[in-house]
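In: Build me a structure from this.
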Amino acid sequence: MLRIAVIGVGWAGTRHVEAIRELGRKVVVDCLVDNDADHLRTKAYELGVGKTYTDIDDALADPEVDAVSICLPHALHCQVTMATADAAKHIIVEKPMAMTVEEATRMIEAADAAGVKLYVAENASYSPMAQFLRGIVQSREYIGEVVSASVTSGFRGVPYGYAGRRAWLSTPEMGGTGTWILHGIHQMARLRYVFGEVETVYIREYRTRSFTRSDVEGTMSGLLTMKRGFQVAVLQTCEVRLKGTLRGYVIYGDRGSIRAFQEGCQVFSEELDEDPLQLSYPEAALSEYAQEMEAFADYVVDGVEGSTTGRSERRSLAIVQAGYESAQTGQPVHLKTRFGEL
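Out: Numbering: from 1, shown residues only. Below is the predicted model:
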C-alpha cells in the first residue's frame with residue numbers, strides 16, 4: 001500500500017481522502033497536514049485520521065510516508081513539490097500543477113533528479129464524458145473523422161468569488177486566479193485527452209459592463225488549432241450561467257456530429273434517422289477522483305503512465321499560459337515556438 005500524506009485539508013484535500021477511501025486498494029492515507037491547527041483537528045476527527053502535522057517538513061521527514069498529495073494554494077505547488085522531491089517522496093499535486101510552464105518544468109526536473117514520480121490530480125480526464133468522447137474520436141464511430149469542434153464551459157455567474165477558506169481561489173494576492181486557469185485548466189486537460197495535442201492558441205478576453213472585477217478575466221474565447229489540423233472553438237466564462245446542454249462539446253465529423261454534455265449526448269449521423277440518437281455514458285465502477293488516485297499508484301508502483309502525468313499536464317498549462325499571452329498581444333501563440341518541446 002502506498003502511504004500518502006495529504007497536505008492541505010480544504011475541499012480538495014478532503015476529496016483526496018474520500019477518493020482514497022473509495023478506491024480501497026493500493027493507497028492509504030497515512031496522515032493529514034495543515035497549518036491551521038484547529039481546522040486540522042476538526043478534519044482529522046471528521047475523516048477518522050489519527051496522525052496529523054501542522055508543519056510540512058515534519059511530514060516529509062516521516063519515514064512512514066511514501067508520497068504526498070499537495071492540495072495547497074496554486075502559488076505554493078512548485079515550492080512544496082521541490083521540497084517533496086528533495087525528501088524522496090512521490091508526488092500527486094492538484095491542478096493547475098503550477099502557475100507557469102517554467103515552474104512546471106522545474107518540478108518535473110526535480111522529480112526526475114530525485115527518482116520519484118510526479119502526477120497531477122486532474123479529474124476531468126477521467127470523467128465518463130471524456131472517456132466516451134475519446135473513444136468516439138479514435139474509433140470514428142457515428143461521426144467519422146473530426147472536421148471541427150467547440151467546447152463551452154462556465155462554472156458560476158457574477159460576482160466571481162468563493163467564500164470562507166476557499167476565498168483564496170479567486171483572490172490573486174492570495175495565489176488565486178481567474179476562470180481561465182482555475183477552471184479552464186480542466187477543459188484543456190480534457191480537450192487534449194479527447195482530441196490530442198494543440199499546436200496553436202488564439203484567445204481573446206472580454207468583460208461585460210456588469211462584471212465588476214478588474215483583477216481577473218470574465219470571459220476567454222478563441223480558437224485552438226490541433227496538431228491534426230482541425231480547429232476547436234473554446235469559450236471559458238464566469239459571466240454566464242451555463243446549465244444543462246449549454247455547457248459541453250459539439251463535435252462535427254464528416255459522417256455525423258455529436259453534442260455532449262455531462263449527463264449524456266445526442267448523435268446526429270448519416271446512419272440514423274432524422275431524430276438524434278440519445279446516448280448515456282457507460283457507468284464507471286469508480287469516481288473520477290478515485291480513478292486518478294489509482295492511476296497515481298500504478299504510476300509509482302508499476303511505472304504505468306496514466307493520462308495526467310506531470311509532463312502531460314505541463315502541456316495543458318502551456319495552453320492556458322499561451323491563452324493569457326495571446327489575449328495580451330492579440331496574436332496567436334505557437335506552442336512549440338513559445339515553449340520548445342513539451
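In: Need the three-state assignment for the residue of the chain most remote from its centre.
Out: Ranking residues of the chain by C-alpha distance from their mean position (CA atoms, centre = their mean) puts Asp273 at the top, at 37.3 Å. Following DSSP: H, G, I helix; E, B strand; the rest coil, Asp273 is assigned to coil.
In: Okay, now stretch 122-136: how far is its last residue from its first?
Out: 21 Å (CA to CA, to the nearest Å).
In: For that stretch, buried residues please.
Out: 122-134, 136 (16 or more other CB atoms under 10 Å). For every residue, glycine as well, the C-beta is placed using N, CA and C.
In: Please enumerate residues in contact with it?
Out: For stretch 122-136, the external contacting residues (CB atoms under 8 Å, 6 or more residues apart in numbering) are 95, 141-143, 185-187, 189-190, 193-194, 248-249, 251, 258, 260-262, 265, 281-284, 288-289, 291-292, 295, 307-308, 313, 316.
In: Make a PyMOL selection of the buried ones in the residues you listed.
Out: Per 16+ other CB under 10 Å, the buried members of the contacts of stretch 122-136 correspond to this PyMOL selection:
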select buried, resi 95+141+142+143+185+186+187+189+190+193+194+248+249+251+258+260+261+265+281+288+289+291+292+295+307+308+313+316
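In: Quick check: helices, which of the contacts of stretch 122-136 are part of them?
Out: Assigned to helices by DSSP state H, the following of those qualify: 185-187, 189-190, 193-194, 288-289, 291-292, 295, 313, 316.
In: for Phe195, what are its contacts?
Out: Phe195 touches Val137, Val146, Ala149, Met226, Arg228, Val232, counting by CB under 8 Å, 6+ apart.
In: And those residues, which of them are buried?
Out: So, by 16+ other CB under 10 Å, the buried ones in those are Val137, Val146, Ala149, Met226, Val232.
In: Name the member of these with the shortest distance to Arg3.
Out: Val137 (37.9 Å; CB to CB).
In: My guess is Gly196 contacts Gly229. True?
Out: No. Between Gly196 and Gly229 there is no contact under CB atoms under 8 Å: 10.6 Å.
In: got a pLDDT number for Gly157?
Out: Listed pLDDT for Gly157 reads 65.
In: Tell me which residues are up against stretch 101-115.
Out: Contacts with stretch 101-115, where a contact means CB under 8 Å, 6+ apart, come from 77-78, 81-82, 85-86, 88, 91, 93, 97-98, 117-118, 310-311, 313-314, 317-318, 321, 339, 342.
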